[in-house]
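1. return atomic coordinates for the entry below.
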Amino acid sequence: MPPSARHLYTLDSRSFERRLATNPLVILPIGALEAHGPHLPLGADQIQAEATALALADRVDGLVAPTVAYGSAPGARRFPGTVSLSMAELETHVAGILGELARSGVRRILVLSGHAERGHMAALREAADVAMRAHPGSRIVVLSDYDFVYELRGKESPPTDGHAGLLETSRVLALAPETVGSERPVGAYRASPFVPGTPSPAEWPESVMGDTRAASRELGERIQAHVLARLTETVRELLPA
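-> Have a look, this model is predicted:
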């Protein structure tokens, strides 16, 4: 993604200091390097989180911190290309980043994850709790954009749609069409949520949950509009200036 004036890394130190006086929202995108079937890139979660963070920053006059590109993705570990941190590794890394942002004077932080696996999100929430306890003047909200994407299951997709399925394929087609391959797989996930570890090949043959054959850029644009509207509402409610 090309540099933008919204990106924190483009500011010089004094410009950042002046921005702090306005109590800006800082958005920390979180990605994952994880298999998304034969049609989506390994970095699909990062692509979505970064694009959404930048669009949200334009809406709420915020800043976007550099992305944390790796997450905890044990479910897809057996598929080629997945790099999965442990929950403890992810928590420690993100807690350090959030603590440093708070120490620098940032008081409103949104942790925006493009990856929504339960353990991954639990690690992010624990990291935010650690940072807020160390810096009581800061307020941190942790969520995944898929908290809002999946509000559309049963409306824009079958209720069972999931990872690298119709909604996600359409969304990546809208945000980064050049990264999407021509295949439109159909995949089923049969592993029990009560059994830890990586699903077997019989339980999850390909890293896809759903039928992607109806995916389109137009659907992706509707999904993204919904996500941005819900994120804007959430920021105004939970992280007011």
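2. in this structure, which helix is the longest?
-> Ordering each helix of the chain by length in residues (DSSP state H) puts helix 217-238 first.
3. restrict that one to CA atoms and write it as CSV.
-> Output of helix 217-238 as CSV, limited to C-alpha atoms (Å, rounded to 0.1, in the frame of the first residue of the first chain):
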residue,chain,number,x,y,z
ARG,A,217,-16.4,-7.2,-6.7
GLU,A,218,-19.9,-5.6,-6.4
LEU,A,219,-20.7,-7.8,-3.4
GLY,A,220,-17.3,-7.0,-1.9
GLU,A,221,-18.0,-3.3,-2.2
ARG,A,222,-21.3,-3.7,-0.4
ILE,A,223,-19.6,-5.7,2.4
GLN,A,224,-16.9,-3.0,2.7
ALA,A,225,-19.4,-0.2,2.9
HIS,A,226,-21.2,-2.1,5.7
VAL,A,227,-18.0,-2.7,7.6
LEU,A,228,-16.9,1.0,7.4
ALA,A,229,-20.3,2.2,8.6
ARG,A,230,-20.2,-0.1,11.6
LEU,A,231,-16.6,0.7,12.4
THR,A,232,-17.4,4.4,12.3
GLU,A,233,-20.3,3.9,14.7
THR,A,234,-18.2,1.9,17.0
VAL,A,235,-15.4,4.4,17.1
ARG,A,236,-17.8,7.3,17.9
GLU,A,237,-19.4,5.3,20.6
LEU,A,238,-16.4,3.6,22.3
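4. got the contact list for the closest residue to residue 6 other than its chain neighbours?
-> On the basis of C-beta to C-beta, 6 or more residues apart in numbering, the spatially nearest residue to residue 6 that is not a chain neighbour turns out to be residue 57, at 4.3 Å. Where you see a C-beta, it was placed from the backbone N, CA and C, and this is true even at glycine. The neighbourhood of residue 57, defined by C-beta atoms under 8 Å, 6 or more residues apart in numbering, consists of 6, 25, 27, 63, 64.
5. got the contact list for the residue nearest the centre of the chain?
-> By C-alpha atoms, centre = their mean, the chain has its centre lying nearest to residue 114, at 1.6 Å. By C-beta under 8 Å, 6+ apart, the residues touching residue 114 are 29-32, 44-50, 52, 144-146.
6. out of these, who's the most crowded?
-> Sorting the contacts of residue 114 by how many neighbours each has (other C-beta atoms under 10 Å) puts residue 45 first, at 33 neighbours.
7. please state the offset of the helix or strand containing residue 101 from the chain centre?
-> Secondary structure here is read from DSSP states H and E; on that basis residue 101 sits in helix 87-103. Offset of helix 87-103 from its chain centre (C-alpha atoms, centre = their mean, to the nearest Å): 16 Å.
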